Structures are given as C-alpha cells and as structure tokens.
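Student: what follows is a predicted structure for the sequence shown.
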Amino acid sequence: MSSPFAAAKRAQATAYRALADAHDQEADVLESHESHATTEDPFLGRDAAEEFTRVSWRAIRDAIRRGELAGYGRPVVVRRSDLLAWLEGRKVRPRVVAGTDADAAYLALVGGAS
C-alpha cells in the first residue's frame with residue numbers, strides 16, 4: 001500500500017509532464033505558423049501587433065473574438081495584412097460642420113473648393 005506522500009509525488013510528476021507536453025504543443029503551433037508566414041506577410045505576436053497598430057492588445061483580442069480579425073494559435077498571432085485590413089475598416093473621418101473654419105481647413109486638405 002502506498003503512502004499519501006507517494007501518491008502526491010506521482011500526481012505532481014504527472015502534472016509536470018502534462019504541462020511540459022502542453023508547452024511542446026504550443027511551440028509546435030508557433031513553429032508551424034512561422035513556417036507558413038512569408039517575409040512580406042509575417043505573423044505578429046502580441047507585442048509586435050500592439051507596436052505595429054498602436055492599438056491595445058485588448059482591442060485586437062476583442063476584434064478576434066467578434067470575428068473581425070483572424071487570430072491563429074495559442075499564444076495568438078495575427079497576420080500583418082489582416083491587421084492592416086482591420087485598421088482600414090476602423091478609420092473614422094473627422095466631423096466637420098459646414099460654414100466653420102474646420103470645414104474650410106478640411107476642404108483645403110482634401111482639395112475641395114472653399
């Protein structure tokens with residue numbers, strides 16, 4: 001009959017093996033994503049995506065959850081081209097009221113008549 005201490009040690013060893021296996025699987029996923037990425041359209045991780053877009057990771061993650069942006073693997077990586085397309089869809093035009101200085105400045109900027 002084994003002691004509770006021995007059973008706890010076996011459970012701990014099993015947990016460590018499962019954790020190591022999960023880490024190896026995660027590394028394999030990242031490696032496969034990196035091998036499919038081209039130099040023209042690389043996958044970007046969390047920090048690189050934040051730096052590239054100047055948008056918080058929370059906003060990027062929420063867009064992935066809503067299906068607006070494709071995310072791959074764990075940890076999540078995103079294609080640079082997908083980020084660019086997503087950013088294009090988020091552009092907001094400035095609100096301009098007719099007859100104001102802002103209206104004239106905007107028309108001058110876009111080449112319209114004042």
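Tutor: Perfect, I can see it now. Nothing here was measured: the structure is a model prediction, and the numbers come from that model.

Student: beyond the helix or strand residue 6 falls within, next helix or strand please.
Tutor: Applying DSSP states H and E as the criterion places residue 6 in helix 4-36. For helix 4-36, the following helix or strand on the C-terminal side (DSSP H and E) is strand 43-44.

Student: how far off centre is that following strand?
Tutor: With C-alpha atoms, centre = their mean, to the nearest Å as the basis, strand 43-44 stands 8 Å off its chain's centre.

Student: contacts made by the following helix or strand past that strand with the rest, please.
Tutor: Counting by DSSP H and E, the next helix or strand C-terminal to strand 43-44 is helix 46-53. Applying C-beta atoms under 8 Å, 6 or more residues apart in numbering, the contact partners of helix 46-53 are 44, 56, 57, 60, 75, 76, 78, 80, 83, 87. For glycine as for every other residue, the C-beta is placed from the backbone atoms N, C-alpha and C.

Student: now for the third one, how many residues are close by?
Tutor: A count of nearby residues for residue 57, using other C-beta atoms under 10 Å, gives 14.

Student: how near is it to residue 65?
Tutor: Distance, residue 57 to residue 65, by C-beta to C-beta, to the nearest Å: 12 Å.

Student: which parts of this structure belong to which domain?
Tutor: Split into domains by automatic domain parsing, the chain comes to 1-36, 39-114.

Student: residue 81 reaches residue 44, doesn't it?
Tutor: No - taking C-beta atoms under 8 Å as the definition, residue 81 is not a contact partner of residue 44, at 10.3 Å.

Student: those two: which is more packed in?
Tutor: Set residue 81 next to residue 44 and count neighbours by other C-beta under 10 Å: residue 44 wins out with 20 against 12.

Student: mind listing the residues bridging to the more buried one?
Tutor: Beta bridges link residue 44 to residue 78, judged by DSSP bridges.

Student: how near is it to residue 24?
Tutor: Residue 44 is 23 Å from residue 24, by C-beta to C-beta.

Student: go on, residue 69?
Tutor: Computed as C-beta to C-beta, the residue 69 to residue 24 distance reads 27 Å.

Student: out of the two, which sits in the more crowded spot?
Tutor: Neighbour tally, residue 69 and residue 24, criterion other C-beta under 10 Å: the higher count belongs to residue 69, 22 against 10.
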